[in-house]
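A.B. asks: Build the 3D model from these lines:
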Amino acid sequence: MMVSVNPHNPQPRLINKVVECLRSGGVIAYPTDTIYGVGCDIFNKKGIKKIHQLKQRDVRKPFSFICSDIAEISRYAHVSNMAFKIMKRHLPGPYTFVLDAARIVPDIIATKQRTVGVRIPDNNIVLEIVRALGQPIVTTSANVSGDETYQDPSLIQDDWGSLVDMVVDGGLLYGDPSTVISLRNDEIEVLRQGCGATDWIHQL
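C.D. replies: Residues are numbered from 1 along each chain as shown. Modelled structure (predicted):
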């Protein structure tokens, strides 16, 4: 099923339809501020396992998740004063920040070191979905690991329509993956350079 949502003014009726899908255990493909992602409620273990199968990805490799704001991040990860200041300045935006996980985070989402990657994309659709759901959703690129990412949601529908429960059409996307930055122990480390700039790090 494909649902076309206005990227500037997401229709509440359609957002609620997506949320109903997530609450019933569904897996969705959705737009972010970089590329299309695929995900589910972070407490949906079956959904997370299904996403690993879709991506043909090692189950030991965890996924990041999307929060609606920094206050929500602080419920799922340990946020120091330094991390808070950095995230407040750069989120919403094309970054994934790695932090130590809070106890509430399921083991299937965290690394062995109990770290997590968190995002607040600058995309109205996915933020409205997470707000309406009331808790984070898994985020990983909507592609088989190692393959090119999708730019056109209609292609996701063609290729994965029978494998995911819903494709949320937010228009064409031409971005690169997010930049991944670790903020653990108040040390800044760029783990992956993506479309988020990192020159600001040297100015701190």
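A.B. asks: Name the nearest residue to Ser4, ignoring sequence neighbours.
C.D. replies: Asp169 (4.2 Å; CB to CB, 6 or more residues apart in numbering). Where you see a C-beta, it was placed from the backbone N, CA and C, and this is true even at glycine.
A.B. asks: for the one you found, phi and psi?
C.D. replies: phi -90, psi 110 (degrees, to the nearest 10).
A.B. asks: That one: how many residues sit nearby?
C.D. replies: 22 (other CB atoms under 10 Å).
A.B. asks: Arg23 too?
C.D. replies: 13.
A.B. asks: so what's it up against?
C.D. replies: Arg23 makes contacts with Asp41, Leu133, as judged by CB atoms under 8 Å, 6 or more residues apart in numbering.
A.B. asks: which residues in this protein form helices?
C.D. replies: 12-23, 45-55, 70-76, 81-90, 124-133, 153-160 (DSSP state H).
A.B. asks: among these, which is the most enclosed?
C.D. replies: Comparing these by mean neighbour count (mean count of other CB atoms under 10 Å), helix 124-133 ranks first with a mean of 22.
A.B. asks: From the contact counts, what lies against that one?
C.D. replies: In terms of contacts (3 or more CB pairs under 8 Å, 6 or more residues apart in numbering; DSSP states H and E), helix 124-133 is packed against helix 12-23, strand 28-31, strand 64-66, strand 137-141.
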